[in-house]
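> Below is the structure, and that's it, no one-letter string:
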């Protein structure tokens, strides 16, 4: 199997799981916006934001070490046990410390939903580490199925808790806890992880080696948190918690694109790590980065007319203002794709400090611009600042990567894409049903034309898979 085909197969497997997650997320959006107030949803979104902030610090980003180190040890049972045992051991110790500190804080400070915050953090941490172990070991199918199972559980429990039991916004946290717990059990069983955990392999040197690699990833994660999510805090402080709820809904659509790309990114990091020392790496990386950027760019444009057509049907009236910010945030998600592709090369070369440096600058740009513009431009400030911060990261990484690899980007295709995006966004803001239908048809044709080779390749792979299954 050639490198591109191998990448495509791995990506399709992972995409199956992530696609189900996004479908569930879209199905839940009408429930959230119709049964939860903007204030209630804004509070839970803020809690989730801080959990996302906390996890990289709490875990020392060992999940990144586990995945990268396991790729090199797939053929060594001792190597696998060494990495898995030490990572789970240290994460357990870190979580116990976190729980103790949280309870002490809870005695002196009134923290809403404290027990739910602790449990949500716990199950997200361990589901994430087991998922990265599965990926590192090459269990991509099992990883994909675990996300499908978790998505279905979130849908079922959310409907029960919100619609029938009327529990309110805390239902979101309850659903996350239950779904992550079941996903953990599935991964442990299917990947035989119990056999790969052995306390006799606890090794101080291995722990220090993994932490040394992962520590620079903490500022990187925090920086992306600032770029992606710190806007929520600034919005809450300078505008209102209800404004945060509206902004959270507008981010759902761009987050869907970023989330789907995260699957490509997972497979990309694995493929890049395997092929980073090949003689044809320059041509291979250039070809793949160009293809994937155009694929996601042209695919993302289709989101605009679809959202415009369906928005009033699936979003509650209290959240209608979210419509205005979606094109800007969708464009930011496209820039995020390029950032992730460049970042995969850093990961492959184990240059985690470089990853950190490129994001610290863009994080600084984001937070400063948001603070300057928020009073004058409201929620537009947050979305525009995100675009500019991503652009800074792209320029920085592109220039810096020239030291390690010669990338040839197809600028003409990118310029053509940009003009199509501007045209589609203009039709989106006109918000006319007939124009949206025309918009949808035109951008769909553009997508098919721009990605005809990829579509043919994927079709061939799927046909081969179905033939094997039918035998």
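Everything's here; your move. This one's a predicted model, so the numbers in the text were calculated from it and none came from an experiment.
> Could you use CA atoms for every contact and neighbour count after this?
Fine.
> Just the local confidence number for the closest residue in space to residue 388 that isn't next to it in sequence, please.
In this structure, residue 388 finds its nearest non-sequential neighbour in residue 366, 7.2 Å apart by CA to CA, 6 or more residues apart in numbering. Note on residue 366: pLDDT of 88.
> For burial, what's the neighbour tally of residue 366?
Neighbour count of residue 366, defined by other CA atoms under 10 Å: 29.
> so it touches residue 381, yeah?
No. When contacts are counted by CA atoms under 8 Å, residue 366 is not listed as touching residue 381 (9.7 Å).
> what number of residues lie near residue 125?
A count of neighbours around residue 125, defined by other CA under 10 Å, yields 22.
> what secondary structure does residue 258 sit in?
What DSSP: H, G, I helix; E, B strand; the rest coil gives for residue 258 is helix.
> List the contacts of it.
Residues in contact with residue 258 (CA atoms under 8 Å, 6 or more residues apart in numbering) are 333-334, 336-337.
> if we go to 6 Å?
By CA atoms under 6 Å, 6 or more residues apart in numbering, the contact set of residue 258 is residue 333.
> From residue 264, how far out is it?
Distance of residue 258 to residue 264, computed by CA to CA, to the nearest Å: 10 Å.
> isn't the residue nearest to residue 388 right next to residue 389, touching?
Yes. Judged on CA atoms under 6 Å, residue 366 makes contact with residue 389 at a distance of 5.1 Å.
> Using the three-state scheme, assign the closest residue to residue 387 other than its chain neighbours.
Distances taken as CA to CA, 6+ apart put residue 332 closest to residue 387, at 4.8 Å, once the chain neighbours are dropped. Classification of residue 332 using three-state DSSP returns helix.
> Near residue 332, how many other residues are there?
25.
> Equivalent analysis for residue 159, please.
17.
> Okay, it and residue 108: tell me how far apart.
According to CA to CA, residue 159 stands 35 Å off from residue 108.
> what's the answer for residue 156, then?
According to CA to CA, residue 156 stands 36 Å off from residue 108.
> Among the two, which residue is more densely surrounded?
residue 156 (14 against 8).
> Give the buried residues for whichever strand or helix holds the more buried one.
Taking DSSP states H and E as the definition, residue 156 sits inside helix 140-158. Using 16 or more other CA atoms under 10 Å as the test for burial, helix 140-158 gives 140-155, 157-158.
> Now do the buried residues in the next helix or strand along the chain from it.
Later in the chain than helix 140-158, the nearest helix or strand by DSSP H and E is helix 170-190. For helix 170-190, a neighbour-count test (16+ other CA under 10 Å) marks 170-184, 186-188 as buried.
> From the chain's centroid, how far away is helix 170-190?
Distance of helix 170-190 from its chain centroid, counting by CA atoms, centre = their mean, to the nearest Å, is 18 Å.
> helices and strands around it, which ones?
For helix 170-190, the packing partners by 3 or more CA pairs under 6 Å, 6 or more residues apart in numbering; DSSP states H and E come out as helix 114-137, helix 140-158.
> Just the angle for the last one relative to helix 114-137, thanks.
Which is helix 140-158. Interaxial angle of helix 140-158 relative to helix 114-137 (axes from the mean of the first three to the mean of the last three CA atoms, to 10 degrees): 160 degrees.
> Who are the packing partners of helix 140-158?
Identification of packing neighbours for helix 140-158 by 3+ CA pairs under 6 Å, 6+ apart yields helix 3-35, helix 170-190.
> and the ones you listed, which one is worst for confidence?
Among these, helix 3-35 carries the lowest mean pLDDT, a mean of 70.
> name the element residue 385 belongs to?
Element membership for residue 385, per DSSP H and E: helix 379-401.
> Tell me the helix or strand right after the lowest-mean-pLDDT helix or strand in the chain.
None of the helices or strands of the chain scores lower by mean pLDDT, DSSP states H and E than helix 217-228, at a mean of 64. Under the assignment DSSP H and E, the closest C-terminal helix or strand after helix 217-228 is helix 230-238.
> That next one - what's its average pLDDT?
For helix 230-238, the per-residue pLDDT averages 83.
> Contacts for it next, please.
So helix 230-238 is contacted by 244, 382 (CA under 6 Å, 6+ apart).
> now it and helix 379-401, what's the angle there?
On the basis of the same axes, to 10 degrees, helix 230-238 is oriented at 150 degrees to helix 379-401.
> buried sites along helix 230-238?
For helix 230-238, a neighbour-count test (16+ other CA under 10 Å) marks 230-236 as buried.
> State the distance from the residue nearest the centre of the chain to residue 23.
In the chain, the centroid-proximal residue (CA atoms, centre = their mean) is residue 259; its distance is 4.0 Å. Residue 259 is 12 Å from residue 23, where distance means CA to CA.
> what mean pLDDT would you report for stretch 312-328?
Averaged over stretch 312-328, pLDDT sits at 87.
> can you tell me the distance between the two ends of it?
Terminal residues of stretch 312-328 lie 19 Å apart, using CA to CA.
> Of all the residues in that stretch, which ones are buried?
Across stretch 312-328, burial judged by 16+ other CA under 10 Å covers 314-316, 319, 322-323, 325-328.
> Give me the distance between that stretch and the centre of its chain.
Distance, centroid of stretch 312-328 to centroid of chain: 22 Å (CA atoms, centre = their mean).
> Return the distance of residue 146 relative to residue 28.
19 Å.
> Give me the buried stretch members for the host helix or strand of residue 414, please.
Residue 414 is located in helix 411-430, with elements delineated by DSSP H and E. For helix 411-430, the neighbour count (16+ other CA under 10 Å) marks 414, 417, 420-421, 424-425, 427-428 as buried.
> what residues are shared contacts of residue 258 and residue 264?
By CA under 6 Å, 6+ apart, no residue touches both residue 258 and residue 264.
> Does residue 316 touch residue 34 like I think?
Yes. Between residue 316 and residue 34 there is a contact at 5.0 Å, judged by CA under 6 Å.
> quick one: which of the helices and strands packed on helix 170-190 is nearest residue 64?
Residue 64 lies closest, by CA to CA, to one member of the helices and strands packed on helix 170-190: helix 114-137, at 7.6 Å.
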